[in-house]
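Student: Next come a sequence and a model predicted from it.
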Amino acid sequence: MSPRRRRRRSGLGGGDDLLVVFGVLVVVGLLLVKVAQWVLVNWWVLVALGLVALLTLAGWIYWRIDRMRSAQLRTQSLSYSLGQLDAMHHTTFEHAVRDLLARDGSRDALRCGGRGDLGADVKGHDPLGRLWVIQCKHRKAGLGGSAVGTPDLQTLNGTGRPVHKGDVVVMVTNGRISQPAKAFARDQRLHLVDRQVLELWARGTHPLWEILPSIPPPRKPPRLR
């Protein structure tokens with residue numbers, strides 16, 4: 001085939017492509033015109049759909065607000081018995097400690113326990129701006145379980161302030177704490193919540209920062225209510 005014929009065929013192919021594109025544009029334009037005509041005649045359908053969408057959105061927002069209020073009310077009236085705490089899984093126990101911290105007024109209380117937690121199971125700021133770093137030790141047998149010992153507190157002491165920048169570093173257990181561990185906690189300014197203190201806190205009479213002695217001063221002035 002000669003080069004002239006090849007060029008001629010190639011030119012015809014390009015023209016066919018242009019015709020196809022032009023045809024598609026014409027069809028799309030006609031469809032848009034039809035849609036516009038339909039909208040002009042049936043505008044009330046769009047208005048009705050818009051109202052349905054607005055009502056649906058309003059209902060969803062109301063549902064979310066209602067859930068948040070319900071959760072807040074549950075947290076504000078939260079309390080646990082020692083029997084309930086003893087029956088928990090250790091992960092559930094950490095969540096319970098977080099919820100108690102939130103009940104007391106910590107708006108950012110977070111359960112962060114798990115693999116790689118670096119000694120902190122729960123963290124959160126109190127209303128006076130102090131960061132609480134809490135390690136939880138759950139014992140299924142309560143007082144009958146093994147005592148929290150000095151090695152547990154050494155781990156917490158090594159990360160509570162240097163790593164997590166905590167102002168108040170706390171060990172919480174539903175069991176007991178050994179005497180050497182208590183002595184170590186006093187020397188290192190660590191705070192202990194044993195079974196007796198936990199029962200008082202979980203009842204909801206006072207926030208933890210009013211129960212524990214020698215809490216550091218606040219970072220900022222208290223919020224006016």
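Tutor: All right, it came through fine. Keep in mind that this is a model prediction, so the values were computed, not measured. Numbers count the residues shown, from 1 in each chain.
Student: if I pick Ala185, what's in contact with it?
Tutor: Leu153, Met171, Ile177, His191, Leu192 (CB atoms under 8 Å, 6 or more residues apart in numbering). To be clear about C-beta, it is placed using only N, CA and C from the backbone, and glycine gets the same treatment.
Student: Now with 10 Å, please.
Tutor: Val148, Thr150, Leu153, Leu156, Asn157, Val169, Val170, Met171, Ile177, His191, Leu192 (CB atoms under 10 Å, 6 or more residues apart in numbering).
Student: His164 now?
Tutor: Taking CB under 10 Å, 6+ apart as the test, what His164 contacts is Cys112, Asp117, Leu118, Gly119, Ala120, Lys123, Leu131, Trp132, Val133, Ile134, Leu156.
Student: out of the contacts of Ala185, which are inside strands?
Tutor: Val169, Val170, Met171, His191, Leu192 (DSSP state E).
Student: Closest to Arg161 out of the residues you listed?
Tutor: Proximity of the ones in strands among the contacts of Ala185 to Arg161 (CB to CB) peaks at Val169, which lies at 6.2 Å.
Student: Run through the chain and note the low-pLDDT ranges.
Tutor: Applying pLDDT under 70 to the chain flags residues 1-15, 62-76, 114-117, 220-225.
Student: And the helices in it, which stretches?
Tutor: 3-41, 43-76, 82-86, 90-103, 150-160, 179-188, 195-203, 208-211 (DSSP state H).
Student: And the last one, what does it pack against?
Tutor: Helices and strands touching helix 208-211, as assessed by 3 or more CB pairs under 10 Å, 6 or more residues apart in numbering; DSSP states H and E, comprise helix 90-103, strand 131-137, strand 168-173, strand 191-193, helix 195-203.
Student: For the residue nearest the centre of the chain, list each beta-bridge partner.
Tutor: Closest residue to the average C-alpha location of the chain: Leu110 at 6.6 Å, with CA atoms, centre = their mean. When bridges are called by DSSP bridges, Leu110 pairs up with Lys123.
Student: residues touching it, list them.
Tutor: With CB under 10 Å, 6+ apart, Leu110 has these contacts: Arg98, Leu101, Ala102, Ala120, Asp121, Val122, Lys123, Gly124.
Student: Out of the residues you listed, flag the one nearest to Val163.
Tutor: Nearest to Val163, judged by CB to CB, of the contacts of Leu110 is Ala120 at 8.0 Å.
Student: what's the domain layout of this structure?
Tutor: For the chain, automatic domain parsing gives the domain ranges 3-75, 80-211.
Student: among these, which is the most enclosed?
Tutor: The highest mean neighbour count among those belongs to domain 80-211 (a mean of 18), with neighbours defined as mean count of other CB atoms under 10 Å.
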